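Trainee: no sequence for this one, just the structure:
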């Protein structure tokens, strides 16, 4: 067959793990989005934001957070790509996301005066594309997997946690490694210095 690895997933256990992980991802993403919505209100108190850009920065913060949480949900569907060893599909999706995001920014900057609100549109749309592409790849590579609420099984949570806890620690470390210096530059040196530093990283 075109996708011989689909036989690996023809079991009830695979669907229970898949749907449980998906349910947890959606639940956590929803809770974090609500928390981020509350935090965005106080964003100008924590960061140095240029006058007149406070509201735009709050909207951008929410859109970036929503995009990150969409990618968290998309990770569930990416498992089909990894188990099938179809890494070229992952690369094509990522390349398409980069092109779409850059293209949308250039288009919006061309149509209107460049502003933060345009990024607030381009970034979530790119995340939606990535999620849609991952879902499509999953359905093609592993058609035996089905989204079913009845397959959510709390009993598989311990095994999922044992598998994913160090991945979670690694991702948190990666986020801090990439972004902590920019946060420190903003809070300690101000928005202008952080703005000069951001393009370099």
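Mentor: Looks like it arrived, so ask away. On a predicted model such as this, the values are computed, not experimentally measured, just so you know. Numbering: from 1, shown residues only.
Trainee: list the helices and strands the helix or strand where residue 171 lies packs on?
Mentor: Element membership for residue 171, per DSSP states H and E: helix 157-189. Helices and strands touching helix 157-189, as assessed by 3 or more C-beta pairs under 8 Å, 6 or more residues apart in numbering; DSSP states H and E, comprise helix 12-41, helix 191-197. In this view, the C-beta of every residue, glycine as well, is placed from N, C-alpha and C.
Trainee: which positions in the shortest one come out as buried?
Mentor: When you say that, I think you mean helix 191-197. By 16 or more other C-beta atoms under 10 Å, the buried positions in helix 191-197 come out as 191, 194.
Trainee: so where's the protein shaky on pLDDT?
Mentor: 1-10 (pLDDT under 70).
Trainee: circling back: how about the helix holding residue 171: buried residues?
Mentor: Within helix 157-189, the residues scored as buried using 16+ other C-beta under 10 Å are 185-186.
Trainee: tell me what angle it forms with helix 12-41.
Mentor: 20 degrees (axes from the mean of the first three to the mean of the last three C-alpha atoms, to 10 degrees).
Trainee: now do the end-to-end distance for stretch 78-91.
Mentor: 12 Å (C-alpha to C-alpha, to the nearest Å).
Trainee: how far out from the middle of the chain is stretch 187-201?
Mentor: 24 Å (C-alpha atoms, centre = their mean, to the nearest Å).
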